[in-house]
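>>> Below are the sequence and a predicted model; questions follow.
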Amino acid sequence: QVQVVESGGGLVQPGGSLRLSCAASGFTFSWYAMNWYRQAPGKERELVAGITSDGVTTNYADSVKGRFTISRDNAKSTVYLQMNGLKREDTAVYFCNARGVRFIAKGRNYWGQGTQVTVSS
């Protein structure tokens, strides 16, 4: 049974930090690129950060470059998003996405249920 479960969201003041985690199970984690998306009220879901299946290459939305860091631990089947210098406009539901890139996983996509991040004083 495939599971993608985010955790670590919450309420934080502007300038603060949060670390999101996404624990995956039920599939071969190292065959999947991992991404974090977010969706704010009334807005479309947007890609925040991504990391390749081997963890070598990362990419970020311009709005979070220099503040957010994505990383993964394939031994733990977990991907992280370290968020520093949070701004009010970072408020959104954050979703973890697994995108199959190797072998028979190609074309598969799995999503978590999301975790709320609220940046407010």
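Nice, thanks for sending it over.

>>> and the residue nearest in space to the middle of the chain, what element?
For the chain, the residue nearest the mean C-alpha position is Trp36 (2.6 Å; CA atoms, centre = their mean). Trp36 belongs to strand 32-39 when assigned by DSSP states H and E.

>>> Please tell me I have it right and the residue nearest to the centre of the chain contacts Ala98.
No - counting by CB atoms under 8 Å, Trp36 sits too far from Ala98 to count as a contact (11.1 Å). C-beta coordinates here come from the backbone N, C-alpha and C atoms, glycine included.

>>> related to what we said a few turns ago, for the residue nearest to the centre of the chain, give its distance to Ser121.
Distance of Trp36 to Ser121, given as CB to CB, to the nearest Å: 24 Å.

>>> swap in Tyr94?
From Tyr94 to Ser121 the distance is 20 Å (CB to CB).

>>> So for the two, which residue has more residues nearby?
Remark: of Tyr94 and Ser121, Tyr94 carries more neighbours, 23 against 8, as counted by other CB atoms under 10 Å.

>>> tell me the SS of that one?
strand (DSSP: H, G, I helix; E, B strand; the rest coil).

>>> Pairing-wise in the sheet, spell out the partners of it.
Bridge pairing for Tyr94 (DSSP bridges) gives the partners Arg38, Thr115.

>>> Spit out the contact partners of it.
Glu6, Gly9, Leu20, Trp36, Tyr37, Arg38, Val48, Leu81, Gly114, Thr115, Gln116, Val117 (CB atoms under 8 Å, 6 or more residues apart in numbering).

>>> Show me which of these are buried.
Glu6, Gly9, Leu20, Trp36, Tyr37, Arg38, Val48, Leu81, Gly114, Thr115, Val117 (16 or more other CB atoms under 10 Å).

>>> is it true that the fifth one touches Glu46?
Yes - counting by CB under 8 Å, a contact exists between Tyr37 and Glu46, whose distance comes to 6.4 Å.

>>> so how many other residues sit close to Gly16?
Neighbour tally, Gly16, other CB under 10 Å: 14.
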